[in-house]
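>>> Got a predicted structure here, sequence first:
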Amino acid sequence: MPSCRTGNEIGEGGEKLASIHSTESLAKYLGLSRWTVSRVLNGHGGVSDKTIERVHRAMKDSGFEPNHYARSLRGGSTRTIGICIQEVESPSLSRKAGELQRLFRESEYRCLLELTNRNHLLEEQVLRHFLKLKVDGIVGIGTCLSPESDLITEIETAGVPVVLVDPETKLPFPVVEVDRAGATGSILELLWQAGHRSFGFAGFDPDYTYSADRIKGANKFLSTRSLKPLWMYFESGTVRHDFHYGARLGDEICDKCSLPDAILAVNDRVAMGLIASLRRNGTSVPKDVAVVGHDNIESSSYFEPSLTTVDQQIELLMKAAQQSLIDFLKTGKKPPARITIPTVLQSRESHAEMNPPSSR
């Protein structure tokens, strides 16, 4: 007859499953030493796979979760990761946070997620809070922490591993980043091959780190062809790059600027708002002007016309960040100073072949 496990089942050590409420009682139930169970809970080696499976199964069946914070006071791991992110209104940032949390969860870490709204003082408060909670590691997504902040020394002194994803500032921590310069070069190459010869840039503020990187890529591509952007139109200091921003830029571009063959928008949302504005002003995309974006958000393939853009490969980006931190925690060896993830071009309907190439 099949056996049935219940909350009153007696383990090898004589303990009842329902009474497991500590590392000691878990060890007693399984007939194992506390040392063995502690090594399993802390993710240390020297324990067989079979024993690890038994410990995890007993924890699941009993509903027991170890007190990581109590163990941290004894110098143990909290199995928690602090994630600091600008905001989640951006579809790309939201996906990055979700993907990172999923990856850490698969490695049996819990994540503490904090939003900072690009406020460097708030970011300092959040990071200090992470240190007080004794997190095992920290991931900063789009951090704008000042390189002059005293907090950098505090983090280094505490010995907490840190990995940054696309930081806005230069900090002495390992970085995982998107190849934004290469992304702009690939978009311009696509447009060039389609016959486009004049280019405008919407929303690229050279004082904003991500835009500055992409402007470098654009200048590198255009300089080899003795070209310059027809114009760069942006609202200085604006960091909310959404549909409304794209629409505002589109209205002003139609009013003040000559249309190039193609417009590169700072991201997909700006591109969509821009296209909507161009339509209202009687300009057809891509018949009159090509428009391309950046990020490959989900709606970009459903928009009309479907948007030519670049994909950041967020899964690879976040995997590189998560694996760098996990390896750091396991080995104590600092990850590479910089890991750059290439983008993937998504060619769709919002740009069209020009034959012969434009003379505009």
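Now that the structure is in, tell me what you want to look at.

>>> Strands along the stretch 251-360 of the chain, start to end?
All strands of the stretch 251-360 of the chain, identified by DSSP state E, counting those that start in this stretch, fall at 262-265, 290-292, 309-311, 338-341, 344-346.

>>> how deep is the nearest residue to residue 112 once chain neighbours are set aside tucked in, by neighbour count?
Leaving aside its sequence neighbours, residue 112 sits nearest to residue 82 (C-beta to C-beta, 6 or more residues apart in numbering; 5.0 Å). All C-beta atoms are positioned from the backbone trio N, CA, C, and that covers glycine. Applying other C-beta atoms under 10 Å, we find 22 residues neighbouring residue 82.

>>> which is the next helix or strand following the helix or strand that residue 82 is a member of?
Following DSSP states H and E, one finds residue 82 within strand 80-85. Moving toward the C-terminus from strand 80-85, the next helix or strand (DSSP H and E) is helix 91-106.

>>> tell me what that next one is packed against?
strand 80-85, strand 110-115, strand 137-141, helix 314-331 (3 or more C-beta pairs under 8 Å, 6 or more residues apart in numbering; DSSP states H and E).

>>> Comparing the ones you listed, which comes out most buried?
Highest mean neighbour count among these (mean count of other C-beta atoms under 10 Å): strand 137-141, with a mean of 25.

>>> can you tell me which residues contact residue 176?
163-166, 317, 320-321, 324, 338-339, 341 (C-beta atoms under 8 Å, 6 or more residues apart in numbering).

>>> ok now stretch 34-50, how far from the chain's centre?
32 Å (C-alpha atoms, centre = their mean, to the nearest Å).

>>> Now do the same for it: mean pLDDT, whole number.
Mean pLDDT, computed over stretch 34-50, is 78.

>>> what's the answer for stretch 304-321, then?
pLDDT averaged over stretch 304-321 gives 97.

>>> what's the first-to-last distance across it?
Counting by C-alpha to C-alpha, to the nearest Å, you get 34 Å between the two ends of stretch 304-321.

>>> Tell me how far it lies from the chain's centre.
Relative to the centre of its chain, stretch 304-321 is centred 11 Å away, using C-alpha atoms, centre = their mean.

>>> Repeat that for stretch 151-161.
A distance of 22 Å separates the centroid of the chain from that of stretch 151-161, by C-alpha atoms, centre = their mean.

>>> Which pLDDT value belongs to the residue nearest the centre of the chain?
Note on the chain: the residue nearest the mean C-alpha position is residue 96, at 3.4 Å, using C-alpha atoms, centre = their mean. Residue 96 carries a pLDDT value of 95.

>>> Please apply the same query to the one 3 residues further on.
Note on residue 99: pLDDT of 97.

>>> Tell me the spacing between the residue nearest to it when sequence neighbours are not counted and residue 29.
With sequence-adjacent residues excluded and distances taken as C-beta to C-beta, 6+ apart, residue 99 is closest to residue 318, at 4.2 Å. Distance, residue 318 to residue 29, using C-beta to C-beta, to the nearest Å: 37 Å.

>>> Same question for residue 196.
70 Å.

>>> now residue 150
Relative to residue 29, and taking C-beta to C-beta, residue 150 is found at 48 Å.

>>> And these two? Which one has more around it.
More crowded of residue 150 and residue 29, by other C-beta under 10 Å: residue 29, with 26 against 9.

>>> how much space between that one and residue 56?
Taking C-beta to C-beta, one finds residue 29 at 13 Å from residue 56.

>>> circling back to that earlier point, could you say what helices and strands the strand holding residue 82 packs with?
Under the contact criterion of 3+ C-beta pairs under 8 Å, 6+ apart, strand 80-85 touches helix 91-106, strand 110-115, helix 120-132, strand 137-141.

>>> cutoff 6 Å now
Here strand 80-85 touches strand 110-115, strand 137-141, going by 3 or more C-beta pairs under 6 Å, 6 or more residues apart in numbering; DSSP states H and E.

>>> Counting by contacts, list what the first one packs against.
Packed against strand 110-115, as judged by 3+ C-beta pairs under 6 Å, 6+ apart, are the following elements: strand 80-85.
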